[in-house]
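Undergrad: Compute the structure for the input listed below.
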Amino acid sequence: MIWARALRWLTGLAGCLAVSGCVGLLGSPNAPRTTPRPTPAPAQPGASKAAQRSELSRELMAYYAKITSEMEARGQLRTDVAPRDAPFGQRQLVDDFVHVALYDEYTPSGGGFVARQTVSRLRRWQAPVAMQVEFGASIPMADRASGRAEVSAYASQLARASDHRVEIVNHSSNFHVLFLNEDERRAIGPRLRQLVPGIDEASVEAITDLPLSTYCVAFAFSEGNSAVYAQAVAIIRGEHPAALRTSCIHEELAQGLGLANDYPRARPSIFNDDEEFSLLTHHDEMLLKMLYDPRLRPGMTEAEARPIIETIAAEMMAANS
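TA: Predicted structure coming up:
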């Protein structure tokens with residue numbers, strides 16, 4: 001997740017920006033070719049039938065289905081949440097939390113973002129998280145129903161794990177979850193500016209120009225120089241098969257709560273770009289609970305937070321022994 005000073009960028013919503021992305025290695029040489037940017041095709045709230053997919057979107061469906069099959073064949077996208085082959089102790093739990101919650105996955109550079117881990121500070125929500133789900137016009141109705149149900153169930157899980165209020169709403173949202181096919185995502189700029197007034201062009205372009213190797217992405221914003229989140233946007237590709245879509249939902253929505261970085265040593269965890277695990281694990285739920293522990297405060301550095309983190313981790317491991 002990218003964390004940057006957005007005070008100089010944003011007019012309506014100013015402060016800090018965090019971005020996470022689920023990135024994979026493209027195993028197939030048959031990637032669809034890009035086409036000119038399409039005209040937006042917004043979904044109609046009362047629509048009873050989805051618009052027709054573009055040829056490019058259909059090609060991407062086949063492409064990501066192949067990528068997903070290859071990942072599963074390699075033993076990735078596991079759905080066990082307490083694997084016996086990935087034990088962890090107190091020291092690892094502390095190390096994972098520090099690197100996932102107090103580092104950034106991306107950094108701003110040249111008007112855009114580059115993948116480079118940098119030291120950051122603790123960020124989280126103070127207000128209740130109000131998630132609203134939107135779908136592009138060409139997302140099939142069955143996918144809309146299952147996607148909405150999946151996000152709703154996962155929001156409840158996140159609330160239980162973090163002990164912070166996370167709910168699904170139909171209006172007055174602050175966390176926007178968008179399921180979009182390729183053409184819709186590439187044309188989503190105007191809608192993003194409505195959802196997050198003052199959003200900077202670098203963030204809009206990072207979403208509309210998302211490379212094929214990035215399966216999904218989340219942006220979180222704060223006001224002023226605060227480390228408290230005020231708005232977030234998650235983008236899930238509508239071309240994904242069910243397994244990859246679920247993986248994206250679990251990682252991006254959790255990272256949008258403040259676990260912003262991916263750490264290669266975190267295991268068993270979804271906060272690791274190796275895509276070994278698809279679902280929020282018990283280890284990850286412990287990280288979320290630590291993040292929202294009242295003994296920690298937004299804005300803390302590693303030096304300030306580490307002694308408290310060690311105490312919390314010791315308590316958790318003792319309770320789970």
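
Undergrad: the strands in this structure, which residues?
TA: Using DSSP state E, the strands of the chain run over 4-5, 16-23, 103-109, 112-119, 124-125, 129-135, 166-168, 175-180, 214-222, 228-237.

Undergrad: which residues are contacting the fifth one?
TA: Translated: strand 124-125. Residues outside strand 124-125 that contact it (CB atoms under 8 Å, 6 or more residues apart in numbering): 164, 227-229, 257-258, 291-292, 298. (Each C-beta comes from the backbone N, C-alpha and C, glycine too.)

Undergrad: just to revisit the earlier point, least reliable of the strands of the chain going by mean pLDDT?
TA: Looking over the strands of the chain, mean pLDDT reaches its minimum on strand 4-5, with a mean of 30.

Undergrad: Against F271, how distant is G189?
TA: 29 Å (CB to CB, to the nearest Å).

Undergrad: next one: V217
TA: Applying CB to CB to V217 and F271 gives a distance of 15 Å.

Undergrad: Same question for E239.
TA: 24 Å.

Undergrad: out of these two, which sits in the busier spot?
TA: Ranked by neighbour count (other CB atoms under 10 Å), E239 and F271 place F271 first, with 29 against 25.

Undergrad: re earlier: in a markdown table: the contacts of strand 124-125, plus neighbour count and distance to A65.
TA: Output for the contacts of strand 124-125, formatted as a markdown table (neighbours: other CB atoms under 10 Å; distance: CB to CB, whole Å):
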| residue | neighbour count | distance to A65 |
| --- | --- | --- |
| H164 | 20 | 35 |
| A227 | 20 | 40 |
| V228 | 18 | 40 |
| Y229 | 25 | 34 |
| L257 | 25 | 29 |
| G258 | 26 | 32 |
| L291 | 25 | 34 |
| Y292 | 16 | 37 |
| P298 | 17 | 40 |
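
Undergrad: Tell me which two in those residues are the farthest apart.
TA: Distance extremes for these: the farthest pair is H164 and A227 at 15.2 Å, using CB to CB.

Undergrad: what's the nearest residue to the residue positioned nearest the centre of the chain if we skip its chain neighbours?
TA: The centroid of the chain falls nearest to E252 when counting by CA atoms, centre = their mean (1.6 Å). Spatial nearest neighbour of E252, chain neighbours left out: A218 (4.0 Å); criterion: CB to CB, 6 or more residues apart in numbering.
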